[in-house]
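Chemist: okay, structure incoming, though there's no sequence with it:
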Ligand SMILES: [Zn+2]
Ligand SMILES: [Zn+2]
């Protein structure tokens with residue numbers, strides 16, 4: 001089978017590899033139908049993720065059909081269409097039992113697929129703990145509708161869940177890349193009074209403005225004034241920092257009203273400064289971290305009900321045999337690309 005592979009720092013190659021086989025009785029083998037490319041894949045490519053293992057097949061955002069299951073798997077059967085979760089989790093440890101699946105203590109717990117073990121930009125993928133890592137796709141939901149459920153959409157959903165967003169809040173989302181837009185889609189489910197999206201790329205600002213015309217778009221230079229004008233209590237009630245830029249963490253807490261919740265979804269390249277004397281008395285709550293991807297069934301239900309639709313993010317489509325071109329496009333941000341869908345049957 002074809003498998004897009006992390007060969008060495010700076011180098012991914014499409015290689016011919018043997019199909020994966022069941023290695024543990026809780027494994028499943030999934031025939032990948034659609035995969036996508038995530039910014040984290042680029043971090044592997046550029047060598048900025050030291051725990052990524054050279055030689056592994058990359059890709060952690062995919063949907064497919066169960067081909068084979070181990071004897072210990074009970075929730076999916078061969079032939080089921082499934083979403084693959086970005087996170088591997090055992091379902092039994094302290095953290096899994098409390099829904100903190102990102103902190104699963106299993107040696108393969110957390111983000112393993114396409115980083116430490118073979119992932120899914122390939123014809124087939126082995127999924128450990130398949131009862132936890134696979135979620136059946138309802139018949140009325142297409143592969144494209146389900147493609148982002150296991151990673152970027154799970155991230156937006158989790159961020160909104162922990163943000164304590166209430167109806168009629170004023171919300172600020174910093175960053176309108178794929179994760180920022182998934183956060184926007186999930187925030188809309190809560191019925192906020194106003195959403196302000198801050199993004200410096202004019203193409204991405206237009207992307208938001210044209211699809212969600214009731215959302216206010218701004219850039220970082222105008223953001224604070226814009227949020228003040230749109231809020232009733234001197235700042236945003238809820239802030240999502242999804243950009244991870246040089247100054248966006250500061251912007252996030254500066255735009256928050258006193259006693260707001262600031263949820264940091266972004267992954268930064270370096271340490272950030274928390275200037276406590278400056279923010280003294282503002283009584284902010286910060287929430288941070290990596291997605292706990294345990295809401296996939298709920299997200300799929302919302303998609304099936306027509307309440308959630310991330311397909312506008314798919315701006316380009318490629319065959320797996322042409323995935324190198326998909327990476328070039330995704331990496332260059334050219335041609336208004338937001339997300340790509342890679343057909344792994346071709
Ligand atoms: Zn990802
Ligand atoms: Zn666990």
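Modeler: Arrived safely, thanks for sending. All values reported here derive from a predicted model rather than from experimental measurement. Residues are numbered from 1 along each chain as shown. Ligands and ions are numbered 1, 2, ... in the order given.

Chemist: please count neighbours and contacts with C-alpha atoms only from this point.
Modeler: Fine.

Chemist: what does stretch 237-248 rub up against?
Modeler: 159, 163-165, 169-177, 179-180, 249, 252-253, 255-257, 259-269 (C-alpha atoms under 8 Å, 6 or more residues apart in numbering).

Chemist: what's the answer for stretch 159-168, then?
Modeler: 183, 186-187, 190-194, 237-238, 240, 261-263, 265, 287, 291.

Chemist: buried ones only from the residues you listed, please, as a PyMOL command.
Modeler: Here is the PyMOL command that selects the buried residues among the contacts of stretch 159-168 (16 or more other C-alpha atoms under 10 Å):
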select buried, resi 183+186+187+190+192+194+237+238+240+261+262+263+265+291
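
Chemist: okay, now the domains of the chain?
Modeler: 2-151+292-343, 154-288 (automatic domain parsing).

Chemist: now the ones you listed in a markdown table, with mean pLDDT?
Modeler: Conversion of these to a markdown table gives the following (pLDDT from 0 to 100):
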| stretch | mean pLDDT |
| --- | --- |
| domain 2-151+292-343 | 96 |
| domain 154-288 | 96 |
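
Chemist: so which bits of the stretch 51-200 of the chain are right by ligand 2?
Modeler: 89, 90, 91, 93, 96, 104 (C-alpha under 5 Å from the ion).

Chemist: show me where the stretch 101-250 of the chain has helices.
Modeler: 130-133, 143-146, 152-162, 178-188, 202-211, 223-230, 248-254 (DSSP state H, counting those that start in this stretch).

Chemist: now find how far off-centre the first one is within its chain.
Modeler: It stands for helix 130-133. Relative to the centre of its chain, helix 130-133 is centred 18 Å away, using C-alpha atoms, centre = their mean, to the nearest Å.

Chemist: the second one now?
Modeler: On the basis of C-alpha atoms, centre = their mean, the separation between the geometric centre of helix 143-146 and that of its chain is 14 Å.

Chemist: likewise stretch 285-294?
Modeler: With C-alpha atoms, centre = their mean, you get 12 Å for stretch 285-294.

Chemist: repeat that for stretch 194-204.
Modeler: Worked out by C-alpha atoms, centre = their mean, stretch 194-204 lies 18 Å from the chain centre.

Chemist: for residue 114, give its distance to ligand 2.
Modeler: Look at residue 114 and ligand 2: by C-alpha to the ion, to the nearest Å, they are 19 Å apart.

Chemist: with adjacent residues omitted, what lies nearest to that residue?
Modeler: residue 58 (3.9 Å; C-alpha to C-alpha, 6 or more residues apart in numbering).

Chemist: from the contacts of stretch 237-248, list just the buried residues.
Modeler: 159, 163, 165, 169-177, 179-180, 249, 252-253, 255-257, 260-266.

Chemist: now, those that are in strands?
Modeler: 170, 171, 172, 173, 174, 256, 257, 260, 261, 262, 263, 264 (DSSP state E).

Chemist: may I see those residues arranged in TSV, with distance to residue 27 as well?
Modeler: Formatted as TSV, these follow (distance: C-alpha to C-alpha, whole Å):
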residue	distance to residue 27
170	44
171	41
172	41
173	38
174	38
256	45
257	47
260	43
261	39
262	38
263	34
264	33
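
Chemist: let's check: the centremost residue of the protein is which one?
Modeler: residue 152 (1.8 Å; C-alpha atoms, centre = their mean).

Chemist: what residues are up against the nearest residue to that residue once chain neighbours are set aside?
Modeler: Closest residue to residue 152 apart from its sequence neighbours, by C-alpha to C-alpha, 6+ apart: residue 179 at 5.3 Å. Counting by C-alpha under 8 Å, 6+ apart, residue 179 touches 152, 153, 155, 156, 242.

Chemist: quick one: residue 179 and residue 90, what's the gap?
Modeler: When distance is defined by C-alpha to C-alpha, to the nearest Å, residue 179 is 26 Å away from residue 90.

Chemist: related to what we said a few turns ago, buried members of the residues of the stretch 51-200 of the chain next to ligand 2 into PyMOL, please.
Modeler: In PyMOL, this line selects whichever of these come out buried by 16+ other C-alpha under 10 Å:
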select buried, resi 89+90+91+96+104
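
Chemist: which pair of the residues of the stretch 51-200 of the chain next to ligand 2 spans the longest distance?
Modeler: 89 and 93 (8.8 Å; C-alpha to C-alpha).

Chemist: so for the two, which residues contact both of them?
Modeler: Contacts common to residue 89 and residue 93, judged by C-alpha under 8 Å, 6+ apart, are 104, 106.

Chemist: most proximal residue of the stretch 101-250 of the chain with respect to ligand 2?
Modeler: residue 104 (3.6 Å; C-alpha to the ion).

Chemist: hang on, that residue packs against residue 96?
Modeler: Yes: judged on C-alpha atoms under 8 Å, residue 104 makes contact with residue 96 at a distance of 5.7 Å.

Chemist: list residues touching both of those two?
Modeler: Common neighbours of residue 104 and residue 96 (C-alpha under 8 Å, 6+ apart) are 89, 90.

Chemist: which two of the contacts of residue 179 have the greatest separation?
Modeler: 153 and 242 (13.0 Å).

Chemist: thinking again about what came up before, how far away is the residue nearest to the centre of the chain from residue 60?
Modeler: Distance from residue 152 to residue 60, by C-alpha to C-alpha: 10 Å.

Chemist: shared neighbours, these two?
Modeler: Joint contacts of residue 152 and residue 60 (C-alpha under 8 Å, 6+ apart) do not exist.
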